[in-house]
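Novice: what's the 3D shape of this:
(chains A and B)
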Amino acid sequence: MTVTEQEITDYVARVRAALADLTPDRRDELTEDLADHLTEVAAEGEGTLVERLGEPETYAAELRAAAGVGVGGGRNLDQRVATAVVRARGRLRAIDTRLGPPLGYETASDFLRLLRPGWWVLRGYLAAMLVTVITTGGSFGLLPRFGGELLAGLIMLVGFVLASIWLGRRSGQLSRWPRSAMQVGSAVLVVFALSALMQAEDRMRYGDYGYDPTSVDNPYDRIRDVFVYDSEGRLVENARLFDENGNPIRLGYPDCKELAEAYANPVLRAYPYCPDRAPFGPRGPGMPARPTVGPQPTDTSTPSETPVVPTPTSTPASPSATPSATPSGDPTPTRTS
Amino acid sequence: MDTTQLLKGVLDLAVLAVLREEDGYGYDILRRLREAGLEEIGDASVYGTLRRLFAAGLLTTYVVPSETGPHRKYYSLNAAGRDQLTRSGKLWRSFATTMDTLLDDRGLAA
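Specialist: Okay, the predicted model is just below:
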């Protein structure tokens, strides 16, 4: 007999291991005679069991199929959960060892273990910030404050960080409930940190810290009146402004009483509303307002501004009164081909 | 399609038929099946089938002590097993005849 007792025992053990997902009763029922049967097989031939029967796992699969037992059939919930946990742990361990080398460590958990003191410090800071948010009612910056007090906040920060480190170093000695409480607390802090981070990110991206510097200033808002001058420097009265579509351009507002009465319809009003306030020309800005619309030259006023004002009495509203405008016209440019 | 696949459906019948002539223990049954021409049959398949038929109440077992080797567990047909064998045998013959006719009609040689 070339097959030893030990070989048979091992073979049976491996077959049973491959059927581990069955209920114990079912598995025993399937394999109770297996050792005897294998002894029989061993007695009547040459070679090892594996050579004659194949691998125990293959044997188990064939046995399962022939006996009409499906994979995972007949298992209760506890066993299924246990199997799932074992499988998940195995998978995690595989990921752990696979991620290790790229990080320069045997396993990823070796690397993460080195970061633990860093987490303890961060945990203390997060706890201080949580207290800051609670005591100051929502608004917070980067430094902890206790009820708005920065110094008290900093003292609290130091205390919390030291406490967190102390707790971290002794977490292995804690009994079950304190440890669970600490884990729940850490989870709360992580959630708080993530939400605060999102909030800060939003504020940074939109530059919105409560002050909105956007300008709604219109450069023409401060204009009260419009004064049109011709090329001779004479004030054009009763001028009207239009845009390219023919719509009247309304700027400023008439605050000369006599004019407001004269033109009841605001659309019909022409510029300037108040000719007395013209910044240049014969009418200096410092001149007192006159009741008459027609310009009355004063002899000595602002000689430097417009020296060429020969006939200020003529109605300046008519453009034909200024012959000097025509020479400025360009010569016919059609010659150039 | 190889014999293994065909065997799956009729292994019960084969085992029952082999046990009809004489009681037998696991390895003995396997050997008889192979001698009958089912050479591709696997040890685990026969063993598993025996366990299933036993669990279904078609077989009874008894242990025979042996001086030279290990004790042997013998399987034998009981009344339910014989009944099952008769019914399955008829079903198989009818099915085999149908298949034979189907193949004959299409000129496939045996």
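
Novice: For chain B, what's the nearest residue on the stretch 51-200 of chain A?
Specialist: residue A:66 (3.0 Å; C-beta to the nearest C-beta). For the C-beta atoms, the positions are set from N, CA and C on the backbone; glycine is no exception.

Novice: so what's that residue up against?
Specialist: Shown in contact with residue A:66 (C-beta atoms under 8 Å, 6 or more residues apart in numbering or on different chains): B:11, B:44, B:45, B:46, B:47, B:48, B:49, B:52.

Novice: Select from these every entry located in helices.
Specialist: B:11, B:44, B:45, B:46, B:47, B:48, B:49, B:52 (DSSP state H).

Novice: Check which helix or strand the closest residue to residue A:104 other than its chain neighbours maps to.
Specialist: Excluding its sequence neighbours, the residue lying closest to residue A:104 (C-beta to C-beta, 6 or more residues apart in numbering or on different chains) is residue A:111, at 7.5 Å. In this structure, residue A:111 is located in helix A:108-114 according to DSSP states H and E.

Novice: Get me the contact residues on chain B for chain A.
Specialist: Contact residues (C-beta under 8 Å from any C-beta of the partner chain) of chain B with chain A: B:8, B:11, B:25-27, B:42-49, B:51-52, B:55, B:69-73.

Novice: filter the residues you listed to the buried ones?
Specialist: B:11, B:25-27, B:42-49, B:51-52, B:70, B:72-73 (16 or more other C-beta atoms under 10 Å in any protein chain shown).

Novice: Any chance of JSON lines for the contacts of residue A:66, columns distance to residue A:269 and pLDDT?
Specialist: What follows is the contacts of residue A:66, written out as JSON lines (distance: C-beta to C-beta, whole Å; pLDDT from 0 to 100):
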{"residue": "B:11", "distance to residue A:269": "111", "pLDDT": "89"}
{"residue": "B:44", "distance to residue A:269": "109", "pLDDT": "88"}
{"residue": "B:45", "distance to residue A:269": "110", "pLDDT": "88"}
{"residue": "B:46", "distance to residue A:269": "115", "pLDDT": "89"}
{"residue": "B:47", "distance to residue A:269": "113", "pLDDT": "89"}
{"residue": "B:48", "distance to residue A:269": "109", "pLDDT": "88"}
{"residue": "B:49", "distance to residue A:269": "112", "pLDDT": "90"}
{"residue": "B:52", "distance to residue A:269": "109", "pLDDT": "87"}
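
Novice: Let's see the distance spanning stretch A:63-81 from one end to the other.
Specialist: Counting by C-alpha to C-alpha, to the nearest Å, you get 25 Å between the two ends of stretch A:63-81.

Novice: for the residue of chain B found nearest chain A, what are its contacts?
Specialist: Distances between chain B and chain A by C-beta to the nearest C-beta are smallest at residue B:48, namely 3.0 Å. Neighbouring residues of residue B:48 by C-beta under 8 Å, 6+ apart: A:30, A:62, A:63, A:64, A:65, A:66, A:67.

Novice: which one is it nearest to, not counting chain neighbours?
Specialist: Using C-beta to C-beta, 6+ apart, the closest residue to residue B:48 is residue A:66 (3.0 Å).

Novice: any idea how far the one you found is from residue B:41?
Specialist: Using C-beta to C-beta, to the nearest Å, we find residue A:66 at a distance of 10 Å from residue B:41.

Novice: Please apply the same query to residue B:92.
Specialist: Taken as C-beta to C-beta, the span from residue B:92 to residue B:41 is 17 Å.

Novice: Who has more neighbours out of these two?
Specialist: Set side by side, residue B:92 and residue B:41 show more neighbours around residue B:41, with 22 against 15, by other C-beta atoms under 10 Å in any protein chain shown.

Novice: Now that one: which helix or strand?
Specialist: Going by DSSP H and E, residue B:41 is not in any helix or strand.

Novice: Any chance of the backbone angles for it?
Specialist: In terms of degrees, to the nearest 10, the main-chain angles of residue B:41 are phi -70, psi 140.

Novice: residues touching it, list them.
Specialist: Per C-beta under 8 Å, 6+ apart, neighbours of residue B:41: B:7, B:11, B:14, B:30, B:33, B:34.

Novice: who does the top helix by length along chain A touch, helix- and strand-wise?
Specialist: When chain A is parsed with DSSP H, its longest helix is helix A:176-206. Helix A:176-206 sits against helix A:116-136, with contacts defined as 3 or more C-beta pairs under 8 Å, 6 or more residues apart in numbering or on different chains; DSSP states H and E.

Novice: can you pull the buried residues of the helix it packs on?
Specialist: Buried residues in helix A:116-136 (16+ other C-beta under 10 Å): A:120, A:122-132, A:135-136.

Novice: near chain B too, which of those residues?
Specialist: Counting by C-beta under 8 Å from any C-beta, no member of the buried residues of helix A:116-136 reaches chain B.

Novice: Which of these sits closest to residue A:48?
Specialist: residue A:120 (56.7 Å; C-beta to C-beta).

Novice: in terms of contact, does the closest one touch residue A:162 like I think?
Specialist: No: the criterion here is C-beta atoms under 8 Å, and residue A:120 misses it with residue A:162 at 9.7 Å.

Novice: which residue ranges form the helices in the chain?
Specialist: In the absence of a named chain, chain A is used. A:5-18, A:24-31, A:34-43, A:49-53, A:56-66, A:77-103, A:108-114, A:116-136, A:150-170, A:176-206, A:257-262.

Novice: nope, chain B please
Specialist: For chain B, the helices defined by DSSP H occupy B:3-21, B:26-35, B:43-55, B:79-105.

Novice: most packed of these?
Specialist: helix B:43-55 (a mean of 23; mean count of other C-beta atoms under 10 Å in any protein chain shown).

Novice: List the contacts of the most centrally placed residue in chain B.
Specialist: For chain B, the residue nearest the mean C-alpha position is residue B:15 (1.7 Å; C-alpha atoms, centre = their mean). Going by C-beta under 8 Å, 6+ apart, residue B:15 touches B:29, B:33, B:46, B:49, B:50, B:53.

Novice: And those, which is closest to residue A:57?
Specialist: Distances from residue A:57 to the contacts of residue B:15, taken by C-beta to C-beta, are shortest for residue B:46, at 18.3 Å.

Novice: The closest one contacts residue B:24, correct?
Specialist: No: Residue B:46 is beyond contact range of residue B:24, at 10.4 Å (criterion: C-beta under 8 Å).

Novice: Sounds good, over and out.
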